[in-house]
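Trainee: below are the sequence and a predicted model; questions follow.
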Amino acid sequence: MNSGKVLLGVLAGVAAGALIGVLFAPSKGSRTRKRILKKGEDYADGLKEKFGDVLAGVSKKIEKIKADVNDFKEQAHTRTEEVKEELKTVKG
């Protein structure tokens with residue numbers, strides 16, 4: 001299973017649990033709404049941070065893949081040139 005989906009599921013579960021806990025707590029309606037809003041903002045901030053971390057990790061992996069592809073391309077080009085030179089010596 002994708003770790004991003006697992007993380008999203010865990011965060012959604014935690015948010016739902018906190019919301020249910022706040023809704024069933026004995027408080028005035030206005031205070032409950034403020035608490036729900038505050039919790040929602042806290043979870044949104046946490047989710048943004050986690051998403052940023054995941055995005056940074058993906059970006060690093062993409063950059064590594066690009067570097068690996070460029071290295072492979074250079075090696076292939078070098079080897080192609082070597083083979084061409086060997087063929088010239090064999091023919092000549």
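Mentor: Structure received.

Trainee: host element of the most centrally placed residue in the chain?
Mentor: Nearest to the geometric centre of the chain sits residue 54, at 2.5 Å (C-alpha atoms, centre = their mean). Here residue 54 sits within helix 29-91, counting by DSSP states H and E.

Trainee: so what secondary structure elements neighbour that helix?
Mentor: Judged by 3 or more C-beta pairs under 8 Å, 6 or more residues apart in numbering; DSSP states H and E, helix 29-91 is in contact with helix 3-23. In this view, the C-beta of every residue, glycine as well, is placed from N, C-alpha and C.

Trainee: contact partners of the helix it packs on?
Mentor: 32, 35-36, 39-40, 43, 46-47, 50, 54 (C-beta atoms under 8 Å, 6 or more residues apart in numbering).

Trainee: sorry, back to before: for residue 38, see how far away the closest residue in space to the residue nearest to the centre of the chain that isn't next to it in sequence is.
Mentor: Excluding the flanking residues, the one nearest residue 54 by C-beta to C-beta, 6 or more residues apart in numbering is residue 4, at 5.9 Å. Residue 4 sits 26 Å away from residue 38, going by C-beta to C-beta, to the nearest Å.
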